[in-house]
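> Attaching a predicted model along with its sequence, questions to come.
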Amino acid sequence: MRPFWGLLPLLAVFGLAAPELRLQGEVEGPLVLTTPGLQVEGEGAVLRGREGHTLALLAPGIRVRGLKVVGAGPEDDFFEPDAAIYLQGCEGCLVEGVVVEGAPTAVRMEDSPGAVIRDLKAVGLGESPGVLVYSSPGARVEGSHLQGFVEGIYVEYSPGMVIRDNLLEGNGRYGFHVMFSWEVVVEGNRSLHNGIGNAVMHGAQNRVVGNLLLGHRAPVAYGLLLQDERGSVAEANRFLGNTLGLVLMDAEGVRVAGNGFAENGTALRITRERGGNSASVEGNAFLGNLYDLLVDDPEAKVEVRGNRYDRASGLPVPHLPTGSFALLLARQPELSLFALSPGVILWEGVEGQVPGLRTVALADPAAERLPREAPLAGPWLALGLLGGWLWWRLRA
C-alpha cells in the first residue's frame with residue numbers, strides 16, 4: 001500500500017491543492033495543527049511558547065518551512081520533554097529550515113514514519129535531546145546543526161532511519177545515540193567535542209559511514225561506541241583526537257573497514273561486558289595514536305588484516321599494535337589519566353624500538369607501512385612547550 005505522503009502529488013494533479021497556512025510576525029503558541037497535508041509557511045514569523053509543546057503536528061503530511069520557534073514548557077525529562085515542535089502520528093511530515101531557541105527539546109517525534117527534519121538549527125538548554133525520535137521507521141534528520149543539548153540526536157525503535165550530514169557539537173553527552181534499531185544509516189555527520197562521544201547500541205545491520213568524529217577527550221570518551229550490535233558496519237569514518245576512537249563492546253559480526261584513526265589515545269578497542277565479540281578489521285589507517293589496537297576480550301574472534309600503521313615495520317612481518325600499558329589500561333580504566341604522561345610515552349617509545357618487550361595481543365599479518373606525517377596537534381604542542389619554557393625562564 002502506498003504511504004500517505006506518496007499520494008500528495010496525485011492530489012495536486014486532480015486539483016485537490018493542499019491547504020496552506022501563512023504565519024506572519026509574532027505568533028503566540030501553543031499552535032496545534034490537525035489538518036492532513038497542511039502547508040505551513042513561516043518565513044520571517046516567530047512562534048513563541050511557554051507551556052507544553054509550542055507547535056504540535058498531529059496529522060499526516062504536514063509541512064512546516066522557514067519558521068522560528070522560541071521557547072516551550074519547562075519540562076526537561078529526557079524521555080518526555082516539552083518540545084518546540086512535537087510530531088505525533090505525523091506520517092511523512094516535513095520540518096525544514098526551522099530555527100529553535102530556548103526550548104528543552106527542539107523536535108520530539110513519535111509514531112511518525114517517514115517524517116523528515118531538514119536544515120534545523122537549534123541551541124539547547126543542556127538537559128534534554130535536541131531531536132528525540134521514537135518508533136518512527138524511515139524517519140530522517142538531515143543537514144541540521146544541534147548544539148548545547150544533553151544529546152544532539154537520540155533514537156529508539158526506528159528501523160531504517162537516516163541521520164545524514166548533520167553538525168553535532170558541544171552536546172553534554174552524545175552527538176548521536178541510536179538504540180534498539182536496525183538498518184539505520186548514520187552518514188556524513190560531523191560530531192565534534194561532545195561530552196562523551198557517539199553510540200549505536202542494541203541493534204543490527206546498522207551502518208556508520210563517512211563521519212568525522214573529533215575531540216571527545218573525557219577520561220572514558222570515545223568517537224563511537226558499537227555495543228551489542230549484530231552485523232553492523234563502521235566504514236570510511238575519521239576518528240581524530242579522541243580518548244578512544246572506536247569501541248566495540250559485545251558486538252558480533254561487525255565490519256571495521258577503511259577508517260582513519262589519528263591522534264587518539266587508543267584508536268580501536270574491542271572489549272566485553274556480558275557477550276562476545278567478533279569483527280573484521282581491514283584497510284584502516286592508524287597514524288599518531290598512542291595505541292593503535294587493544295583487544296581485552298580473550299575470547300574475541302577478530303580478524304585483523306591489511307591495515308596501515310605509521311609504526312609498522314618495513315619488513316613483511318606481523319605488526320603487533322598493542323602495548324603493555326594498553327593491556328593494563330583495559331583492566332584499570334582509571335589509569336587513562338596517566339596515558340599521556342612522560343613516563344608512559346617513554347615506555348611506549350622503548351617498546352616500539354624493542355619488539356621483544358611487547359605483549360602480543362593481536363597481530364596484523366599483512367600490515368602496510370603508513371608514512372609518518374606531522375601530527376595534527378604538533379604546532380599547538382610546540383607552542384605550548386615554548387610557552388611553558390618562557391614562563392619558567394621568566395619565573396626564574
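Received, thanks. Numbers count the residues shown, from 1 in each chain.
> who's in contact with residue 42?
22, 23, 64, 65, 66, 67, 68, 98 (CB atoms under 8 Å, 6 or more residues apart in numbering). Just so you know, the C-beta spots here come from the backbone N, C-alpha and C atoms, and that holds for glycine as well.
> Could you list which of those belong to strands?
Counting by DSSP state E, the members of the contacts of residue 42 that fall within strands are 22, 64, 65, 68.
> now those residues: which count as buried?
64, 65, 68 (16 or more other CB atoms under 10 Å).
> Can you lay out these as a markdown table showing pLDDT?
Output for these, formatted as a markdown table (pLDDT from 0 to 100):
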| residue | pLDDT |
| --- | --- |
| 64 | 98 |
| 65 | 97 |
| 68 | 98 |
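> Between the contacts of residue 42, which sits nearest residue 76?
In terms of CB to CB, no member of those lies closer to residue 76 than residue 98, at 20.1 Å.
> circling back to that earlier point, closest to residue 247 among the buried ones among the ones in strands among the contacts of residue 42?
Distance to residue 247 across these (CB to CB) is lowest for residue 64, with 37.8 Å.
> where's residue 347, which helix or strand?
Using DSSP states H and E, the element containing residue 347 is helix 342-353.
> Walk me through which strands whichever helix or strand comes after that helix pairs with, and which way each runs.
For helix 342-353, the succeeding helix or strand toward the C-terminus, using DSSP H and E, is strand 368-369. For strand 368-369, the pairing partners within the sheet under DSSP bridges are strand 308-309 (parallel).
> which stretches of the chain form helices?
With DSSP state H applied, the chain shows helices at 8-13, 324-331, 342-353, 378-395, listed in chain order.
> Report the contact partners of residue 111.
Contacts were defined as CB under 8 Å, 6+ apart; by that measure residue 111 touches 88, 89, 134, 135, 136.
> biggest separation within those residues, which pair?
Pairwise distances across the contacts of residue 111 peak at 11.9 Å for 89 and 134 (criterion: CB to CB).
> who touches both of the two?
110, 111.
> who has more neighbours, these two?
Neighbour count, other CB atoms under 10 Å: between residue 89 and residue 134, residue 134 has more, with 18 against 14.
> and the more buried one, what are its bridge partners?
When assigned by DSSP bridges, residue 134 has beta-bridge partners residue 110, residue 156.
> same deal with residue 151?
Beta-bridge partners recorded for residue 151 (DSSP bridges): residue 174.
> how about it, what does it touch?
For residue 151, the contacting residues are 129, 130, 171, 172, 173, 174, 175, 176, 177, taking CB under 8 Å, 6+ apart as the criterion.
> Make a markdown table out of these and add distance to residue 45, neighbour count and pLDDT.
As requested, the contacts of residue 151 are arranged in a markdown table below (distance: CB to CB, whole Å; neighbours: other CB atoms under 10 Å; pLDDT from 0 to 100):
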| residue | distance to residue 45 | neighbour count | pLDDT |
| --- | --- | --- | --- |
| 129 | 25 | 28 | 98 |
| 130 | 22 | 31 | 98 |
| 171 | 28 | 28 | 98 |
| 172 | 31 | 15 | 97 |
| 173 | 33 | 18 | 98 |
| 174 | 32 | 24 | 98 |
| 175 | 30 | 35 | 98 |
| 176 | 30 | 29 | 98 |
| 177 | 32 | 23 | 98 |
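> what two of those have the greatest distance between them?
Taking every pair in the contacts of residue 151 and measuring CB to CB, the maximum separation is 13.6 Å, between 172 and 176.
> where's residue 168 relative to residue 180, distance?
Residue 168 sits 20 Å away from residue 180, taking CB to CB, to the nearest Å as the criterion.
> higher neighbour count, these two?
More crowded of residue 168 and residue 180, by other CB under 10 Å: residue 168, with 29 against 14.
> what residues are up against that one?
Going by CB under 8 Å, 6+ apart, the list of residues near residue 168 reads 146, 147, 152, 153, 175, 176, 189, 190, 191, 192, 194, 198.
> doesn't residue 193 make contact with the fifth one?
No: counting by CB atoms under 8 Å, residue 175 sits too far from residue 193 to count as a contact (9.1 Å).
> Identify, from the contacts of residue 111, the entry nearest to residue 116.
When these are ranked by distance to residue 116 (CB to CB), residue 136 comes first, at 10.4 Å.
> For the closest one, list the residues it contacts.
With contacts defined as CB under 8 Å, 6+ apart, the neighbours of residue 136 are 109, 110, 111, 112, 113, 114, 115, 158, 161.
> Closest to residue 274 out of these?
Of all the contacts of residue 136, residue 158 has the smallest distance to residue 274: 24.6 Å, by CB to CB.
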